[in-house]
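J.: quick one: sequence plus predicted model below, questions after.
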Amino acid sequence: MKLLVTGGAGFIGSHFIRYMLSAYPTYHIINLDKLTYAGNLDNLRDVEANHNYRFVKGDICDPALVNKLAEEVDVIINFAAETHVDRSIMDPGGFIQTDVYGTYVLMEAARRFNHQRYIQISTDEVYGSIASGAFTEGSPLQPNSPYAASKAAGDLLVLSYTRTYGFPAIITRCSNNFGPNQYPEKVIPLFITNAIENKPLPLYGDGQNVRDWIYVVDHCAAIDCVLHQGKTGNVYNVGGGNERTNIELTHLILNALERPASLIQFVKDRPGHDRRYAINDQKIHALGYQSRHPFDETLRATVRWYQDNLAWWQRIKSGSFQQYYSRQYSTSG
Ligand code: NAD
Ligand code: TYD
């Protein structure tokens with residue numbers, strides 16, 4: 001099988017490429033990535049010499065380039081997106097361009113070359129917040145941030161293509177991922193790296209917001225499962241089964257690093273901050289998917305990875321990240 005993986009230099013996409021090259025030594029992967037601030041070829045150093053792997057720098061919104069690459073492959077798996085909620089609040093335009101228009105460009109190319117499968121990597125954030133219980137794949141989409149709305153718009157476009165053109169798409173909606181190589185604007189790597197540096201951990205609001213955490217390799221296994229066993233036109237939720245309040249999560253990180261609770265700094269809440277995410281993922285389990293990575297153990301392993309790979313994140317944090325972070329705290333801090 002020949003795959004076009006978009007956004008493969010980011011956090012989840014790079015894990016997925018490594019996972020697939022190892023699980024399927026006969027598959028070929030082209031990685032199309034624009035290398036935005038979040039794209040990082042250091043995430044793929046260990047696979048760049050693999051003869052079944054090729055990197056192409058470019059934009060999923062560029063139809064000429066996307067058509068050229070789509071002609072060479074059987075399947076597109078679309079990870080490429082603007083992904084950070086706080087950035088979407090500051091500057092939504094790029095989210096709409098990549099997460100909606102980019103999805104359209106990819107699907108048009110897949111149709112042109114008569115691909116038999118297309119996978120859209122989406123998020124549980126499209127459902128919005130739920131006080132109790134859990135969203136199923138049939139729950140209405142009620143996104144609350146420009147990021148979540150741009151992903152929901154992409155999902156609706158994909159579903160419209162399945163109904164109108166019989167387009168062979170599948171959508172996955174996963175909960176919050178964590179693991180090595182996650183850009184340190186997201187809460188787990190931000191708090192780990194700040195704690196290593198003895199800097200304050202900025203906890204939004206009352207710290208009682210709940211997220212469901214999944215180790216990134218389990219998400220990759222779920223995508224592998226729907227790629228091979230999923231039914232066209234379907235949506236599959238992928239949960240971690242690890243709901244934690246942000247304050248609980250923060251204490252776990254501080255304990256793993258033996259840092260004091262006095263590093264916690266409660267800051268002004270994120271506007272429109274979703275209180276709780278929770279999804280029912282029975283449907284993907286019925287395909288045979290099982291998550292394999294226990295939360296506490298993989299969180300500790302993730303903490304160790306950031307301790308052992310200071311150069312990876314210090315390079316990021318000393319670059320353009322600083323401007324983002326100071327802008328964030330000039331408005332919300
Ligand atoms: P990320 O921000 O780490 O990586 C995104 C990648 O996409 C980067 O390499 C970036 O350079 C690339 N990119 C951005 N715009 C592009 C464009 N126009 N053309 C080509 N490449 C472009 O994101 P991530 O956390 O790895 O998320 C990957 C996907 O998974 C996203 O679609 C996201 O919505 C989804 N998702 C993420 C999570 C999570 O917890 N991180 C959970 C569920 C779903
Ligand atoms: P984040 O990693 O941005 O993921 P998402 O908003 O997509 O779920 O945030 C996870 C949770 O952590 C969310 O409830 C917001 C909170 N958070 C903080 O309290 N402080 C921070 O500095 C960040 C980045 C997030």
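T.: Thanks, I have the structure now. Predicted model only: the values in this text are computed from it and were never measured. Ligands and ions are numbered 1, 2, ... in the order given.
J.: do a quick rundown of the helices in the stretch 51-200 of the chain.
T.: Secondary structure of the stretch 51-200 of the chain (DSSP state H, counting those that start in this stretch): helices at 63-70, 85-90, 93-96, 102-112, 146-165, 187-196.
J.: using JSON lines, lay out those helices together with distance to residue 219.
T.: (Glycine included, C-beta is placed from N, CA and C.) Conversion of the helices of the stretch 51-200 of the chain to JSON lines gives the following (distance: least, Cβ to Cβ, whole Å):
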{"stretch": "helix 63-70", "distance to residue 219": "24"}
{"stretch": "helix 85-90", "distance to residue 219": "18"}
{"stretch": "helix 93-96", "distance to residue 219": "21"}
{"stretch": "helix 102-112", "distance to residue 219": "19"}
{"stretch": "helix 146-165", "distance to residue 219": "15"}
{"stretch": "helix 187-196", "distance to residue 219": "14"}
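J.: dump these into a markdown table; add distance to ligand 1 and mean neighbour count as well.
T.: Formatted as a markdown table, these follow (distance: least, Cβ to the nearest ligand atom, whole Å; neighbours: other Cβ atoms under 10 Å):
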| stretch | distance to ligand 1 | mean neighbour count |
| --- | --- | --- |
| helix 63-70 | 9 | 18 |
| helix 85-90 | 9 | 19 |
| helix 93-96 | 8 | 17 |
| helix 102-112 | 5 | 22 |
| helix 146-165 | 5 | 20 |
| helix 187-196 | 9 | 22 |
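J.: got JSON lines for these, with mean pLDDT too?
T.: Below are the helices of the stretch 51-200 of the chain laid out as JSON lines (pLDDT from 0 to 100):
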{"stretch": "helix 63-70", "mean pLDDT": "98"}
{"stretch": "helix 85-90", "mean pLDDT": "98"}
{"stretch": "helix 93-96", "mean pLDDT": "98"}
{"stretch": "helix 102-112", "mean pLDDT": "99"}
{"stretch": "helix 146-165", "mean pLDDT": "98"}
{"stretch": "helix 187-196", "mean pLDDT": "98"}
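J.: so for residue 297, which of those helices sits nearest?
T.: For the helices of the stretch 51-200 of the chain, proximity to residue 297 was assessed by Cβ to Cβ; helix 187-196 is nearest, at 14.5 Å.
J.: so where's the stretch 201-333 of the chain shaky on pLDDT?
T.: 330-333 (pLDDT under 70).
J.: does residue 14 touch residue 8 like I think?
T.: Yes: Residue 14 sits in contact with residue 8 when judged by Cβ atoms under 8 Å, with a separation of 6.1 Å.
J.: intersection of neighbour lists for these two?
T.: residue 44 (Cβ atoms under 8 Å, 6 or more residues apart in numbering).
J.: of those two, which one has the most company?
T.: Between residue 14 and residue 8, counted using other Cβ atoms under 10 Å, the more crowded position is residue 8 (31 against 28).
J.: per-residue confidence for the more buried one?
T.: Per-residue pLDDT puts residue 8 at 98.
J.: now do the same contact list for the closest residue to it other than its chain neighbours.
T.: Leaving aside its sequence neighbours, residue 8 sits nearest to residue 31 (Cβ to Cβ, 6 or more residues apart in numbering; 3.4 Å). Residue 31 makes contacts with 5-6, 8-9, 13, 17, 44, 53-56, as judged by Cβ under 8 Å, 6+ apart.
J.: now residue 33
T.: Neighbouring residues of residue 33 by Cβ under 8 Å, 6+ apart: 6-10, 13, 39, 55-58, 80.
J.: rerun that using 10 Å as the cut-off
T.: For residue 33, the contacting residues are 5-10, 13-14, 39-41, 43-44, 55-60, 79-80, by Cβ atoms under 10 Å, 6 or more residues apart in numbering.
J.: and what of residue 128?
T.: 135, 139-145, 148-149, 152, 272, 274-277.
J.: try residue 276
T.: When contacts are counted by Cβ under 10 Å, 6+ apart, residue 276 touches 128-134, 208-212, 243, 245.
J.: quick one: the nearest residue to it once chain neighbours are set aside from residue 85, how far?
T.: Spatial nearest neighbour of residue 276, excluding adjacent residues (Cβ to Cβ, 6+ apart): residue 210 at 4.1 Å. According to Cβ to Cβ, to the nearest Å, residue 210 stands 15 Å off from residue 85.
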